[in-house]
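Enquirer: below are the sequence and a predicted model; questions follow.
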Amino acid sequence: GEKARPGLCLSEQCVSVAAAVTGALDRSVDPCRDFYSFACGGWVKKNPLPEGKSRWDPFNNLWEHNMAIMKDLLESTEKQSLSEAEEKAQRYYKACMNEATIEKLGAQPLQELINKMGGWALSGPWDKDNFQEVLRTASAQFRSSPFFTVFVSTDSKNSSSNIIQVDQSGLGLPSREYYLNKTANEKYLRAYLDFLVEVGMLLGGSEETSHTLMTEIVAFESALANITVPQEERRDEESIYHKIQARELATLAPAIDWMPFLRAVFAPVVLNDSEPVVLYATEYLQKVSQLISNTSKSTLNNYMIMKVVRKMVSILDQRFQDAEQRFLEVMYGAKKSCAPRWKLCVSDTDSALGFALGALFVKATFTEDSKTFAEDMVAEIKGAFEDSLKHVGWMDDETKKAAKEKADAIYNMIGYPKFIMDPKELDKVFSDLDVASDLYFQNVMHYYSFSGRVTADQLRKAPNRDQWSMTPPTVNAYYNPTKNEIVLPAGILQSPFYNHEWPKALNFGGIGVVMGHELTHAFDDQGRVYDKDGNLRSWWKNSSAEAFKQQTQCMVEQYSHYNINSESLNGKHTLGENIADNGGLKAAFKAYENWIWKHGKEAALPALGMTNHQLFFVGFAQVWCSVRTPESSHEGVITDPHSPSRFRVIGTVSNSDDFSKHFGCPPDTPMNPRRKCELW
């Protein structure tokens, strides 16, 4: 047919997605006044929070869908030829589902573990000099990170090698804020204390002893919170990256016996005291060392044991889980739920054996043409991003050239890491993990020591592209600055983000914006300081670096003016994600325009009375429709580097000239302010 009049798309897929899009709208709202309410008002009315959830959105919804698929795969008894690793995933799941055994064992497995560690003041008088041993066990065997966390990751200044890294850690609540603003967070602190006291009683302490001991632990965590550096002050990696030799730790933080500690955590790797270590919390470590020296050894021991206990609560019998559930209800405001046990077990199998489970998931759901489609689309969006780069007014030409080189070099990982499709390779990765089909607690313990060995093993190997930090079924995506790569797991490459049969407008507004978002992370306030090879070094001309900071100030202020339940957003803390949201929307829209220019206009959806350009923005906004409890919103504002959904929509469209053009928004309407923030 001729290109000019494509008409309507009346396929089954188009009709059903048109119905969904329409149903989510609230037409009584003027899109130029509040685009989020216009695009999502109907969705919000139709989606009261599901039982037991503190937030609900298309991401959760798709994850629930993926979990149901995984449940089927894990419970399948068809003796098709499963690899050994896939069988381990099934066994791990089965043990988790074996509640009879878990109930019969009760608190005993944890009790034994505490006794092995030397006990604590909960069950009787305690007076030992075993601080260093307990710290080593808690960190090496149970990965519980008391006081600080030690891990292996790519060296930001030498991206072809891995290195030991040390950072601040050790709080039981999601953020230091909860401890420091005591009045505002009183109900959370009280629920936390109640939870700890209850767990103490389940482990054999009297109410009185448990109360005394747990109050002491919370007070100690408050002291830790006091010396913890707030997240927004840690965004400049150049200024907090501090490389030393292991021997220097002894002078910096003498309360810890470092060499035996590091050797235990990274066994069986041989370490000597010239081993390089990167610190991301130098001052914190000095202060934590002083705090340790000034705290009674009983309190320190109780705190360390409690860190281990907290990790184990969810793998014990129902009483422990109920106690935790009551705490989480207050923490996140979710109503009491009777979530079926299988959901917990699927999630846990995904955490422990997610790449083996991922192999099953990918074979069941992911088609090769999804991969081709995603690769083509990333290429289109990268092209649009580089196009915009030419017109960036605040940047000098030399730096632009280097930026284009970096964009060109961004590597796409799509669907899953290659090794999971090769049974031999997959089995090799998990060969060292023992899984029994009926002993859940023991399996989790085996998993902790297995992941410790994997970590230690990484230390002497080069970073590689097959190591993902998300499993294939995950509904998410990320950019990794040291590898200069974007990763799009199979889990997100499906509707509502992408469907082959939909108008391109929806695909570009959905998965396209996600791709643009991850791409833009390479050039946000943190990603931009890495070069195309993933090394932290300044490749910007000073004048452009200054101009960048100037431009970002606009966004810091814009988002700091927004508030949710009369609590202001933290524009500094959310800066990187806001830059990515704005750049991602712009690149995806431009890529869609380029697509039309190449392929001609596409058919419109029926019944919407919308142009496809408008549909692009509506599709984008509807990915972010969301409901959550006030408690969960509060936690988000304090801890989440992303802005709340509503502002991810409003913030970006109000910076977009394209949006106002296609919705005909007059100047000075809320969605079309005269002052717009623009970076990329």
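Expert: Ah, there it is. Numbering: from 1, shown residues only.
Enquirer: give me the distance between the two termini of stretch 243-253.
Expert: Using C-alpha to C-alpha, to the nearest Å, one end of stretch 243-253 lies 15 Å from the other.
Enquirer: and the contacts of that stretch?
Expert: Outside stretch 243-253, the residues within contact range by C-beta atoms under 8 Å, 6 or more residues apart in numbering are 155, 157, 163-164, 256, 258-259, 262, 271-279, 282, 285-286, 288-289. The C-beta positions use only the backbone N, C-alpha and C, and glycine is treated the same way.
Enquirer: among these, the buried ones, what's the PyMOL command?
Expert: Those of the contacts of stretch 243-253 that count as buried under 16 or more other C-beta atoms under 10 Å are selected in PyMOL with:
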select buried, resi 155+157+163+164+256+258+259+262+271+275+277+278+279+285+288+289
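Enquirer: among the contacts of stretch 243-253, which lie within strands?
Expert: Residues from these lying in strands, with DSSP state E as the criterion: 155, 163, 164, 276, 277, 278, 279.
Enquirer: quick one, phi psi at the closest residue to the last one other than its chain neighbours?
Expert: So that's residue 279. Computed as C-beta to C-beta, 6 or more residues apart in numbering, the closest residue to residue 279 that is not its neighbour in sequence is residue 242, at 4.4 Å. Residue 242 adopts backbone torsions of phi -140, psi 100, taken as degrees, to the nearest 10.
Enquirer: pretty sure residue 242 sits against residue 278.
Expert: Yes - using C-beta atoms under 8 Å, residue 242 is in contact with residue 278, at 6.8 Å.
Enquirer: could I get the full set of strands for the stretch 1-150 of the chain?
Expert: In the stretch 1-150 of the chain, the strands defined using DSSP state E, counting those that start in this stretch lie at 55-56, 148-155.
Enquirer: burial count for the residue nearest to residue 279?
Expert: For residue 242, the count of nearby residues is 16 (other C-beta atoms under 10 Å).
Enquirer: same thing with residue 546?
Expert: Residue 546 has 12 nearby residues by other C-beta under 10 Å.
Enquirer: let me see the contact set for it.
Expert: With C-beta under 8 Å, 6+ apart, residue 546 has no contacts at all.
Enquirer: in the host helix or strand of it, what's buried?
Expert: Counting by DSSP states H and E, the element that carries residue 546 is helix 542-560. Neighbour counts over helix 542-560 (16+ other C-beta under 10 Å) mark 544, 545, 547, 548, 551, 552, 554, 555, 556, 558, 559, 560 as buried.
Enquirer: strand partners of the following helix or strand past it, parallel vs antiparallel please.
Expert: Going down the chain from helix 542-560, the next helix or strand is strand 563-564, by DSSP H and E. Applying DSSP bridges, strand 563-564 is found paired with strand 567-568 (antiparallel).
Enquirer: what distance separates the helix or strand just after the strand it pairs with from the middle of the whole chain?
Expert: Sequence-wise, the next helix or strand downstream of strand 567-568 (DSSP H and E) is helix 575-599. Its chain's average C-alpha position is 23 Å from that of helix 575-599, according to C-alpha atoms, centre = their mean, to the nearest Å.
Enquirer: need the contact list for residue 627.
Expert: When contacts are counted by C-beta under 8 Å, 6+ apart, residue 627 is found next to 44, 47, 48, 49, 55, 56, 57.
Enquirer: what's the closest of these to residue 395?
Expert: residue 57 (35.1 Å; C-beta to C-beta).
Enquirer: in space, what's closest to the closest one - neighbours in sequence excluded?
Expert: In this structure, residue 57 finds its nearest non-sequential neighbour in residue 626, 3.8 Å apart by C-beta to C-beta, 6+ apart.
Enquirer: please parse this protein into its domains.
Expert: Annotated domains of the chain cover 12-68+345-663, 129-311 [automatic domain parsing].
Enquirer: now render these as a markdown table, adding distance to residue 95.
Expert: Converted to a markdown table, these look like this (distance: least, C-beta to C-beta, whole Å):
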| stretch | distance to residue 95 |
| --- | --- |
| domain 12-68+345-663 | 4 |
| domain 129-311 | 18 |
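Enquirer: wait, which of those is closest to residue 90?
Expert: When these are compared by C-beta to C-beta, domain 12-68+345-663 sits nearest residue 90, at 8.4 Å.
Enquirer: quick check: end-to-end length of the closest one?
Expert: 28 Å.
Enquirer: what about it, average pLDDT?
Expert: For domain 12-68+345-663, the mean pLDDT works out to 96.
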